[in-house]
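Asker: sequence first, then the predicted structure:
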6 protein chains.
Amino acid sequence: MNDEKVLFEIASELSKLCQRNIEPRILRPNSQTVIAVLEEIQALLYPDYFLGISDDNINDHVCYLERLGILYWKLTRLIHNTIADQCKPECTINLGGCKELTNSREKALSLVKELPNIKRLLNLDVEAAFRGDPAARSHDEVILAYPGFYAIFVHRIAYEFRKRGLDLLARIMSEYAHSKTGIDIHPGATIGESFFIDHGTGVVIGETTVIGNNVKVYQGVTLGALSFPKDQNGNIIKGQKRHPTIEDNVTIYAGATILGGDTVIGEGAVIGGNVWITESVPSNMKVVNKPLIEKKI
Amino acid sequence: MNDEKVLFEIASELSKLCQRNIEPRILRPNSQTVIAVLEEIQALLYPDYFLGISDDNINDHVCYLERLGILYWKLTRLIHNTIADQCKPECTINLGGCKELTNSREKALSLVKELPNIKRLLNLDVEAAFRGDPAARSHDEVILAYPGFYAIFVHRIAYEFRKRGLDLLARIMSEYAHSKTGIDIHPGATIGESFFIDHGTGVVIGETTVIGNNVKVYQGVTLGALSFPKDQNGNIIKGQKRHPTIEDNVTIYAGATILGGDTVIGEGAVIGGNVWITESVPSNMKVVNKPLIEKKI
Amino acid sequence: MNDEKVLFEIASELSKLCQRNIEPRILRPNSQTVIAVLEEIQALLYPDYFLGISDDNINDHVCYLERLGILYWKLTRLIHNTIADQCKPECTINLGGCKELTNSREKALSLVKELPNIKRLLNLDVEAAFRGDPAARSHDEVILAYPGFYAIFVHRIAYEFRKRGLDLLARIMSEYAHSKTGIDIHPGATIGESFFIDHGTGVVIGETTVIGNNVKVYQGVTLGALSFPKDQNGNIIKGQKRHPTIEDNVTIYAGATILGGDTVIGEGAVIGGNVWITESVPSNMKVVNKPLIEKKI
Amino acid sequence: MNDEKVLFEIASELSKLCQRNIEPRILRPNSQTVIAVLEEIQALLYPDYFLGISDDNINDHVCYLERLGILYWKLTRLIHNTIADQCKPECTINLGGCKELTNSREKALSLVKELPNIKRLLNLDVEAAFRGDPAARSHDEVILAYPGFYAIFVHRIAYEFRKRGLDLLARIMSEYAHSKTGIDIHPGATIGESFFIDHGTGVVIGETTVIGNNVKVYQGVTLGALSFPKDQNGNIIKGQKRHPTIEDNVTIYAGATILGGDTVIGEGAVIGGNVWITESVPSNMKVVNKPLIEKKI
Amino acid sequence: MNDEKVLFEIASELSKLCQRNIEPRILRPNSQTVIAVLEEIQALLYPDYFLGISDDNINDHVCYLERLGILYWKLTRLIHNTIADQCKPECTINLGGCKELTNSREKALSLVKELPNIKRLLNLDVEAAFRGDPAARSHDEVILAYPGFYAIFVHRIAYEFRKRGLDLLARIMSEYAHSKTGIDIHPGATIGESFFIDHGTGVVIGETTVIGNNVKVYQGVTLGALSFPKDQNGNIIKGQKRHPTIEDNVTIYAGATILGGDTVIGEGAVIGGNVWITESVPSNMKVVNKPLIEKKI
Amino acid sequence: MNDEKVLFEIASELSKLCQRNIEPRILRPNSQTVIAVLEEIQALLYPDYFLGISDDNINDHVCYLERLGILYWKLTRLIHNTIADQCKPECTINLGGCKELTNSREKALSLVKELPNIKRLLNLDVEAAFRGDPAARSHDEVILAYPGFYAIFVHRIAYEFRKRGLDLLARIMSEYAHSKTGIDIHPGATIGESFFIDHGTGVVIGETTVIGNNVKVYQGVTLGALSFPKDQNGNIIKGQKRHPTIEDNVTIYAGATILGGDTVIGEGAVIGGNVWITESVPSNMKVVNKPLIEKKI
């Protein structure tokens, strides 16, 4: 059999495997669009830093409004394609009668309205990073070159999407930040003001984690689940609080692991590097590993 | 000396250092082409998710065939440029007489033929991720937002390239996945069905690792080498089994390190977080660290 | 209130928050430009590997000179926008009178002159990776697919920018490498010849670290600060040596943590995986963790 | 003087010539944006033909709405930048108080509302081209490959911009069509239904031309001004009717020139090729050149 | 009614006008794809001139083959989408059973096989231009900067498409050349060897024109139809010979118009500028206009 | 023979026809680079109009200098590739010894120095267009939407290239303007101040034309050669004055043809539409066609 015939057969076989013959196709959010929306929000919140290349005249206030207007429409469509399984033919000629569309526009507008508040929170995060790292030389450096700031920036946005029931969009965003920074914050996590992660690679913050204000976290820290409760059929029960609670002013050093939904790290506590914790720690307590190394020549 | 003269001198010096005066230039695979091929395969295996932006009419079956045909030719050239050191002038006017070209086309066709099988394996991996993570809400989420799925997706392709002697292409692919996910799977590793890595940052799976079915791995896990045997001249001996064997249904929690080519983790065993293992573990055994922390106020 | 009015109000509010009404705008380095400059340097140092797609005729020596000349001008502007807070109107019509511009050109030229030396150092790093990893099959593989090589490549460039007082540009570069590799080397770190990081995810090398020749480091290694000395007002004192010194021929295995500005790892020492070190280690000593696991069925 | 100094001087001199030191800069419509808007309208009016490459899912009705919404905002900004000389600082924080913005939004909305009507007119033009050219094989061919159709498509849009006082935007559009087709229709020209230009290169239709229904025009036809009346100071008087009136059902063959604001070509008249006309022609009359060639061997 | 409601209504109305609710959509050739194919053929026929920017290594013979292979698949799909009205669902999973696909592949292959012959003809056209224009300084100049050469280049390709029944693709190509050069050659025209058009703007060569060898044509020349015969219902009869025949070695100066299907310009004749011809001219005759100007002060 | 074999054969045959096996390849200017250089010059001369989209901060004077510096290097390479037939290997490592390079840099610098003067001439052309066309509403309109202005803009640049012996680059530029405007001005033509072409399609201005100040030309005007003198071997003699001389303040209406190297149109003369002139016209004379039409019902 010659090469072309092989290509024919593989195309047919893949087509069947991918169910490409099903009409009409189901709508799905496109990852690239989600990321583009995220970057547009970044540009709107920090125009001096991220509008550079594509903006011809930022001093022009209508440019700002135009971008916000376009964001609103992009959000509307993105949300619609996420919450509607597929388009009904009649919607095409009667847009006003499409409930998912109305719903999507409301969510889109509500997200746009949240932006100033997100900006205020981020300003506090920038300040926390600047104060918390002796190597930080300027606020500019934090905004342009701190992975921990990028991670909390994306989280504060993804969190708002999830709050409006847009879990998949939120997860695509959080995974994008994870890919860029090595910091994996689930959009469901609740995080207080003035949060700072330094270095950050390997940090995991689980779905039901609750974090207070002024918390500082280093690379490799896991705020995870201890075990997954199962129902009588042996299936994992989804939705329960499985991750710890971290109160205000806590510092968690590199590589520490804190597990369990009932575990509470009390206000002002300090968790040392590489420590493994599955029970609550009282306020202001310091927890470290006992030294256990062996030296030989 | 004025600035321009300096530029002249540096250009000459760099030219010598880079041996840019050697003719004809040696062929090398271009990383961007390798990644483009990887992304084209992704689009062909999951068209509903990844064809969005660039595909004008996916319901058109010839579009599918066209993409497969183009992939075949791109693979042919990429493979040729990898296995042939440089083009002989006579090949230019007698393509049929170029052995490397014939060889490349055979490998390209064989890779295309493998695609439906890869797709079947990936379907099992998606299912494993969905069942294994209480936070997973849909198969869509796994495909679009799980780094562990992306890593195994790339590995299953890279593995097939390596099997056909295309080690460098396979490594460029695996390193691309590493860069995006923080998960470093060497293309040489043998991995069974229904494999799932959660979070994933910091996972390292070495070249001669063998993994069974239904294995679940968390972030920061290392399946590594214990030591590198050297020959009598003190040079590292390449190619020996240096990495562990993980049998079916094993779970390995975050930060665990398992080292050595003779180390076997028996069926159904559970390896706790941060555990350091250099010897085999029997089936169904659970291994955890002794708690060793110290608390002070 | 209808949707459009909402957009008006949010645009006005964001505008105030972002102080977009301040004239004239302050200059800031654009991250994308910094990364483009980094990639251009990569192309100039390894033309056979990275010039592929955009270069029409690399055998043409003027192409090489043209790229160097363009790099020089791009550097000049980038540096100017970093060191000058904002443009004075009179500079626009008298470029010769702009001191920051003269200063920027000198720094740009000095950086270009450093390139051949950087190339020589990188050649040694490639060799170190090839010799140090049994899985490495060729120098090509190291250059194209080793994150550790990419990290040291960027570091050697970022280090030169910092040496010339261009800290922010250096940090944007180092964070870019961190994002791609999971390896976080502060541009201030001093690193000797023939340096090799394997796998690399999670490695952190702090600002005042000093590393000798022939040092080998594995994934998850931290060379960090033990504590941050504060002045009498409780503010962190910036600029002191807070990170360890690693002498020649040291190997540090995965997950090891070495902290403190006075901590010295002596020549030829070997630091085992996951070890936690806050004091100096003498030359040629080997340090490992005591085994502490518990097994249960 | 070395080369760099020369560049400094030229940059300073050009800067002065271009008055680049004036702050704040005056707003001007960007040609590329105008053309992008034109092409977006083309895509919305003929989605089957022109949405192909960039549209991921045209069956999705929200996609259609999203594009219309984005068009509306782009138009708003484009119009604002055309009618406002420059931004006032206070507008930036009180968008509602910017009259030009309100005005721009009204014009933008009014243009969007005109689109269905333009589409209806264009359908008639397609039909006229199909019926009028024996070489036309399908409506598809007219829409995809007839310069005459492209010219009237752009004119019908440019005409609406001009009607709303947006002369410069209209002219940028008409000149773009001129550049692509060689057909130069001034946006001020009034053109009836079912208009067809065949081949078209060299056609010029002046600002105050009035054309009825079912008119057919061939390449090289000029509908121009006879002379330009001047005021007592010798300045050309702008705004008077200087170009001819063409009534219904007229055909004008290649190269004919018809000049003068009082010249009327009566209903059903036929103007032969290369004819030069400066006076009115009665209805149904046929005008041709007398043959005047000379032959020699 | 607020602005958003208006957008809803216009979107619904346009949707109806564009029949966007019809499923499944009819396939149509995409103009951009047609032009891309044309430019790929140009690059393959004149690689030294047009491969520059996108080709990394043209000396690599597999690059050449890869491009030809990709061209073949792109042609296959393009042709399929032109000759098949819409995809049948069953074709998706049985590509071998799709007759249009088989047909398309045959046409695609046949076109690829024609390329060397087209190249040979074009070499003669380059030579004719170089010899025929005193201002031509090199063959390079003809290939890179002569609109007349570009027009005949596109025509020779479009002609082959039309010969295989692909009229619409051919017309999109010829109209693209028209747009770039102002030279409008219908793909149906038969043109002999060594053809040269100088300057070219405004040239029109009709569908049934027949041109011999060594013919030279200047700007503004029309080879057109005299009148369109109609059937008894008054409809234009399509397909008849309506345009003139130009024999070998004829020269036609700028602005000349030659009309009619029975008009033959005999071998070696010279047609002067602006001459209007509707009857045959014997061999070697020279035809010019009688001078008829009037001078006044 | 199967399809793949055919592709092999065609690739081999085309390879032979294109002499792709010749090493090393001959350098040639790339059209896209020439056009990019032209557009960069346009942006530098009219930054308010053409820098919009790609310029992040035009108020930054170093941006201006950077662009000029980059232009200088791009010109250097472009010129080198035009005047040097191919690179000698030894040049690669001794750039200072490459005479063509030195020569190219001198030409590049000399062109950059010419820019302010070109700008001054263009300002006069803008003014001439504004005064000369009753439909012109602003200088902006002339700069953004007048093909005649674009043509003279390109000509004034192309003319300087040709003056420095860079004929091919000049011709690529002039043909680009021809393609966009339908106006074909040979780079060799000498054109005075305050030149204006209205509409412009079909205008041809030959290589040895000489035009004075304040000349106004309409669409379709040809300033051409009467005949081409041949040497005793029948070859066209290149380089003689073949095109007319137009003195100051002449107006030439649409479609007029003026031929011959000895033909002089005296100061202030007016040439009517469609007039055919092969002999000199005295100063201030007006030349028009005698009316010759025939009317029938």
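Answerer: Structure received.

Asker: so how many other residues sit close to the closest residue to residue A:100 other than its chain neighbours?
Answerer: Excluding the flanking residues, the one nearest residue A:100 by C-beta to C-beta, 6 or more residues apart in numbering or on different chains is residue A:84, at 4.0 Å. Using the backbone N, CA and C atoms, a C-beta is placed for each residue, glycine as well. Residues near residue A:84, counting by other C-beta atoms under 10 Å in any protein chain shown, number 20.

Asker: list the buried ones in the biggest helix by length in chain A?
Answerer: Ordering each helix of chain A by length in residues (DSSP state H) puts helix A:99-132 first. Judged by neighbour count (16 or more other C-beta atoms under 10 Å in any protein chain shown), helix A:99-132 contains these buried residues: A:100-101, A:103-105, A:107-109, A:111-112, A:114-116, A:118-119, A:121-122, A:124-126, A:128-130, A:132.

Asker: ok, residues contacting whichever helix or strand comes after that helix?
Answerer: Proceeding N to C from helix A:99-132, the next assigned helix or strand is helix A:139-145, under DSSP states H and E. Helix A:139-145 has contacts (C-beta atoms under 8 Å, 6 or more residues apart in numbering or on different chains) with A:46, A:49, A:126-127, A:129-130, A:136, A:149, C:28-29, C:31, C:167-168, C:171-172, C:174-175.

Asker: buried subset of these?
Answerer: A:46, A:49, A:126, A:129-130, A:136, A:149, C:28-29, C:31, C:167-168, C:171-172, C:174-175.

Asker: out of those residues, which is nearest to chain E?
Answerer: Comparing the buried ones among the contacts of helix A:139-145 against chain E with C-beta to the nearest C-beta places residue C:31 closest, at 26.3 Å.

Asker: confirm for me that the closest one is in contact with residue C:171.
Answerer: No - counting by C-beta atoms under 8 Å, residue C:31 stays clear of residue C:171, with 10.6 Å between them.

Asker: mind pulling up the pLDDT for residue A:90?
Answerer: According to the prediction, residue A:90 has pLDDT 70.

Asker: list the contacts of it.
Answerer: Contacts of residue A:90 by C-beta under 8 Å, 6+ apart are residue A:97.

Asker: from chain F, how far out is the closest residue to residue A:198 other than its chain neighbours?
Answerer: Ranked by C-beta to C-beta, 6+ apart and with sequence neighbours excluded, the top spatial neighbour of residue A:198 is residue A:218, at 5.3 Å. As judged by C-beta to the nearest C-beta, to the nearest Å, residue A:218 and chain F stand 35 Å apart.

Asker: which residues touch residue A:218?
Answerer: A:197, A:198, A:199, A:252, A:253, A:254, A:255, A:256, A:273.

Asker: next one: residue A:125
Answerer: Neighbours of residue A:125 in contact, by C-beta under 8 Å, 6+ apart: A:149, A:152, A:153, A:193, A:194, A:195, A:196.

Asker: 10 Å - rerun?
Answerer: Shown in contact with residue A:125 (C-beta atoms under 10 Å, 6 or more residues apart in numbering or on different chains): A:142-143, A:146, A:148-149, A:151-153, A:155-156, A:191, A:193-197.

Asker: done for today, thanks.
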